[in-house]
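**Q** sequence first, predicted coordinates after that:
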Number of protein chains: 2
Amino acid sequence: MGYEAPTMRRPIVSNALLVPMLLATVAATMLARPAAAAEPGSVDMLPILAGLVLILVGAKLGGALFESIGQPAVLGELLAGIVLGNLGLVGLHGLDALRTDVGLSILAQIGVLFLLFSVGLESDVKRMMAVGLSSLWVATLGVVTPMVLGYFVSSWFFPAHHPMTHWFVGATLTATSVGITARVLADLRRTDSKEGRIILGAAVIDDVMGLIVLAVVAGIIEAADRGAAFAPITVLWIVGKSLLFLIGAVVVGQWLSPRAFRLASRLRGEGLLLSVALAFCFGLAYLAGASGLAPIVGAFAAGLVLDEMHFRELRERKGETRSMHELLQPIATFLVPVFFVLMGIRVDLGAFAQPGVLNFALVLTLAAVIGKQACSLGVLEKGCDRLAVGLGMIPRGEVGLIFAAIGAGLMIAGERVVDDGVFSAVVIMVALTTLVTPPLLVWRLRPLDGRKTTK
Amino acid sequence: MGYEAPTMRRPIVSNALLVPMLLATVAATMLARPAAAAEPGSVDMLPILAGLVLILVGAKLGGALFESIGQPAVLGELLAGIVLGNLGLVGLHGLDALRTDVGLSILAQIGVLFLLFSVGLESDVKRMMAVGLSSLWVATLGVVTPMVLGYFVSSWFFPAHHPMTHWFVGATLTATSVGITARVLADLRRTDSKEGRIILGAAVIDDVMGLIVLAVVAGIIEAADRGAAFAPITVLWIVGKSLLFLIGAVVVGQWLSPRAFRLASRLRGEGLLLSVALAFCFGLAYLAGASGLAPIVGAFAAGLVLDEMHFRELRERKGETRSMHELLQPIATFLVPVFFVLMGIRVDLGAFAQPGVLNFALVLTLAAVIGKQACSLGVLEKGCDRLAVGLGMIPRGEVGLIFAAIGAGLMIAGERVVDDGVFSAVVIMVALTTLVTPPLLVWRLRPLDGRKTTK
């Protein structure tokens, strides 16, 4: 503690060469390794392990680079991913398999669950309710405006396509990817600001709305392709179960959580606090997914429900001094960068080369950015930075990509609803909205720090 | 801290019902959920999430049950897995998919890497070297004796099978699954005892030896099936690269590790200590796998190489007060039980019903247990409990199962080298050796605790 590290005078060139050396070794053995015959009943762990090494090292180098120029680390992680994922453009195809690796994809999705669970833990239901009406308005405006804009952009670029394609493109613009914004807000220590709570609440609500829109649009397309009429009862059912889940999760969860932790405090064994919390997180994520919602909605709800009060008894009986945040942090350090680097890896810079795709992608991105600025009109609170709310709602992510993938699998009148060009454009839109948000939010929120401290 | 939790007087029946209720809900929704159409390019996370909930809750309940009767928690985790994996026997088939779920398998394999990494971190190369000759002798006797016994048992039960089948069965008996023993030793706080170090060292060595035996036997079978002669140079190459890896990992790792942490101490960002350590663990696991060894050998080597000294500077610069052990512990709490419960889930009690399989399995298990008792003859140190070493070497695990799976995929003279009956018997042998070891080790080592404290 009292020991001061002596300043190193040795040249660091040899050390600076270490990382490229290490990465080159892993990449080279990955390239040189003969395609191993898959043993029956076992998973080939080697691509996953190599991917994890590249992701961990890339995330830390990219993050350090961006932090040193005053940008949030998450942007560096995304760019590290874009570099790793697009080495094929300079003829290095050894890492192409990272993009579709099932193992990395699973770890990334568990990582984003931990992120949303942490965000939920730091959020407070009562304080969230206080801005609930604003969040609802912000979400509604942020779903309707981009959807309509997306419809018009798509029908302007592709007048020959079926109208349902245009609605589908609109639907991909609805859901905010709260992961990026949550991470930037956490990096700026503004998760619990009024703007932060409105954005996080609205992102959860528009995720639900987006999923409802998707379910409805996909239902209409499937019915139209079968030649059958679309039953309005299905719309009601989709809407109903979504609302039911969220209200149910919070009500049942708040009843169940203190009892589950009290029961656990009577069990023998180690790691009970973390294990029960994880079971809660995964359980609600599962139930959200089983209700047709995104599992991250459940993880967020689990975080909202759990309260330090619920596990005070367990903590005291087991002599656990670490907070839930401290217990989750190492797991998040491991898994959250996997999500962000993998999102970067999935950006295919090669898609820009297709004619028309670039223009459509850029105009679609513009529609996505402008559309969400309508959100600022939904903010009811005074003394709240409306622009910051609009900017925070810009990023689209996983859900947009999932929508595009679903559209690519739907047919109407013998054609794919989302063809390769539209799909690439949506991917580019997701990437660009993700990339522009952190610098815009930092630009807008950092000067407000002074205001916050004086108040 | 000074607050004393009041004794709860409320009846706990309502709380005791919570866990079955929760599990029933997850299981019921899992059963009721219609088979979802897999979206292209995305993984269905729902079975993984449901599996994680069941595994986390089952592991803690099973562990608590066994700890309350004075047995190590790991046995409870295995039995929780056996229950979850064999509900099909009572007509509940909703969880059958857990056994083959790719996501859970990946998480389990990462979990066992963390376990071996932790074991390596707590081991000390110099103190390991001090018992190195004993470990080498213990490993050699523990490979040769079970292999010969396995050959005779197999040729006695199946005289019509090709002799190579018998050698293959012998090979499945060679490799000790250090995971179970390491966990029991940790539960008893005897990882760093003389017996503990001999067992762990020998388990690493016999893993390498077992993999060499497998590679050689599989090579001879493939050559025989092609009608070609087996080239002795291949044997030399397999042996050579294995030794090369281990020596190389320790030598290069000890040179690289302080430099990598010093470089990281100059980077901006959070979680650098853990991230570099994880990259080391996964990197060496990858290189072990790429050299044809089990990735756990690399994870163990990474733990051996890393030393608190290497990251003192990084820790001081970042103000990190937690030890590496404390940083790894939450990840291990999450992932290590996944491995043990999944091993339990994979035990197919139904295989016992096949005629002959049960007898063969029991005699094979006996051969596995007796064969490893030869290990006690290899202990050179005085004042060391030879029986405890022999007992600690009993469990077979992953590697034995992998061998059996490889054998099931090999053909000789038009027949599978390892048929369904032999495969089931090997699985049962792995399960039984795993189940008998913890109580035997506890029985043998617990009375020695007094001796240890008086010395």
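**A** Arrived safely, thanks for sending.

**Q** is chain B contacted by the helix or strand where A:Met343 lies?
**A** Taking DSSP states H and E as the definition, A:Met343 sits inside helix A:324-345. Yes - using C-beta under 8 Å from any C-beta of the partner chain, helix A:324-345 comes into contact with chain B via A:327-331, A:333-334, A:337. From N, CA and C alone the C-beta is placed, and that goes for glycine too.

**Q** how about the residues of the stretch 151-300 of chain A by chain B?
**A** Applying C-beta under 8 Å from any C-beta, we find that the stretch 151-300 of chain A lies next to chain B at A:256, A:259-260, A:262-264, A:266-272, A:274-276, A:278-279, A:282-283, A:285-287, A:289-290, A:295.

**Q** just the buried residues of the residues you listed.
**A** A:256, A:260, A:262-264, A:267-272, A:274-276, A:278-279, A:282-283, A:285-287, A:289-290, A:295 (16 or more other C-beta atoms under 10 Å in any protein chain shown).

**Q** in the stretch 301-450 of chain A, what residue is nearest chain B?
**A** Distance from chain B to each residue of the stretch 301-450 of chain A (C-beta to the nearest C-beta) is smallest for A:Thr333, at 3.6 Å.

**Q** measure that residue to B:Gly269 for me?
**A** Applying C-beta to C-beta, to the nearest Å, the value for A:Thr333 to B:Gly269 is 10 Å.

**Q** repeat that for A:Leu141.
**A** In terms of C-beta to C-beta, A:Leu141 sits 36 Å off from B:Gly269.

**Q** so where's the stretch 51-200 of chain A uncertain?
**A** For the stretch 51-200 of chain A, the stretches flagged by pLDDT under 70 are A:70-71, A:124-128.

**Q** change it to 80
**A** The model of the stretch 51-200 of chain A has pLDDT under 80 over residues A:70-75, A:91-94, A:96, A:119-120, A:122-132, A:177-180, A:183, A:187, A:191-192.

**Q** any idea how many residues pack against the closest residue to A:Gly383 other than its chain neighbours?
**A** Excluding the flanking residues, the one nearest A:Gly383 by C-beta to C-beta, 6 or more residues apart in numbering or on different chains is A:Lys194, at 7.6 Å. Using other C-beta atoms under 10 Å in any protein chain shown, A:Lys194 has 20 other residues around it.

**Q** was I right about A:Lys194 contacting A:Glu381?
**A** Yes - contact criterion C-beta atoms under 8 Å: A:Lys194 and A:Glu381 qualify, at 5.9 Å.

**Q** where does the stretch 251-400 of chain A dip in pLDDT?
**A** A:269-270, A:291-294, A:296-297, A:307-321, A:343, A:346-356, A:397-400.

**Q** can you tell if stretch A:431-443 touches chain B?
**A** No - judged by C-beta under 8 Å from any C-beta, stretch A:431-443 stays clear of chain B, getting no closer than 14.9 Å.

**Q** quick one: contacts of that stretch?
**A** For stretch A:431-443, contacts defined as C-beta atoms under 8 Å, 6 or more residues apart in numbering or on different chains pick out A:70-72, A:74-75, A:78, A:82, A:177, A:180-181, A:184-185, A:188, A:343, A:347, A:361-362, A:365, A:368-369, A:388, A:391-392, A:394-397.

**Q** got it, and stretch A:76-94?
**A** With contact meaning C-beta under 8 Å, 6+ apart, stretch A:76-94 is reached by A:27, A:30-31, A:54-55, A:58-59, A:61-67, A:95-96, A:98-99, A:337, A:340-350, A:431, A:434-435.

**Q** the residue nearest the centre of chain A is in what secondary structure piece?
**A** Closest to where the C-alpha atoms of chain A average out (C-alpha atoms, centre = their mean) is A:Gly179, at 3.8 Å. In this structure, A:Gly179 is located in helix A:178-187 according to DSSP H and E.

**Q** narrow the contacts of stretch A:431-443 to those that are buried.
**A** Buried subset of the contacts of stretch A:431-443 (neighbour count, 16+ other C-beta under 10 Å): A:71-72, A:74-75, A:78, A:82, A:177, A:180-181, A:184-185, A:188, A:343, A:347, A:361, A:365, A:368-369, A:388, A:391-392, A:394-397.

**Q** touching the helix holding A:Gly179 from outside, list them.
**A** For helix A:178-187, the external contacting residues (C-beta under 8 Å, 6+ apart) are A:72-74, A:112, A:115-116, A:119, A:122, A:191, A:193, A:196, A:199-200, A:203-204, A:207, A:296, A:300, A:336, A:339-340, A:392-393, A:395, A:397-398, A:434, A:437-438, A:441-442.

**Q** tell me which of those residues fall in helices.
**A** Within these, residues falling in helices by DSSP state H are A:73-74, A:112, A:115-116, A:119, A:122, A:196, A:199-200, A:203-204, A:207, A:296, A:300, A:336, A:339-340, A:392, A:398, A:434, A:437-438, A:441-442.

**Q** from the contact counts, what lies against whatever helix or strand A:Phe152 lives in?
**A** Assignment of secondary structure by DSSP H and E places A:Phe152 within helix A:132-157. Helix A:132-157 sits against helix A:163-172, helix A:194-226, helix A:357-373, with contacts defined as 3 or more C-beta pairs under 8 Å, 6 or more residues apart in numbering or on different chains; DSSP states H and E.

**Q** which helix or strand lies directly C-terminal to the second one?
**A** Going down the chain from helix A:194-226, the next helix or strand is helix A:232-265, by DSSP H and E.

**Q** mind checking how far the first helix or strand past that next one going along the chain is from the chain centre?
**A** Moving toward the C-terminus from helix A:232-265, the next helix or strand (DSSP H and E) is helix A:272-290. Offset of helix A:272-290 from its chain centre (C-alpha atoms, centre = their mean, to the nearest Å): 18 Å.

**Q** how about stretch A:181-191?
**A** On C-alpha atoms, centre = their mean, the centre of stretch A:181-191 falls 14 Å from that of its chain.

**Q** try stretch A:98-106
**A** So, by C-alpha atoms, centre = their mean, the centroid of stretch A:98-106 is 16 Å from its chain's centroid.

**Q** is that stretch up against chain B anywhere?
**A** Yes - using C-beta under 8 Å from any C-beta, stretch A:98-106 comes into contact with chain B via A:100, A:102-103, A:105-106.
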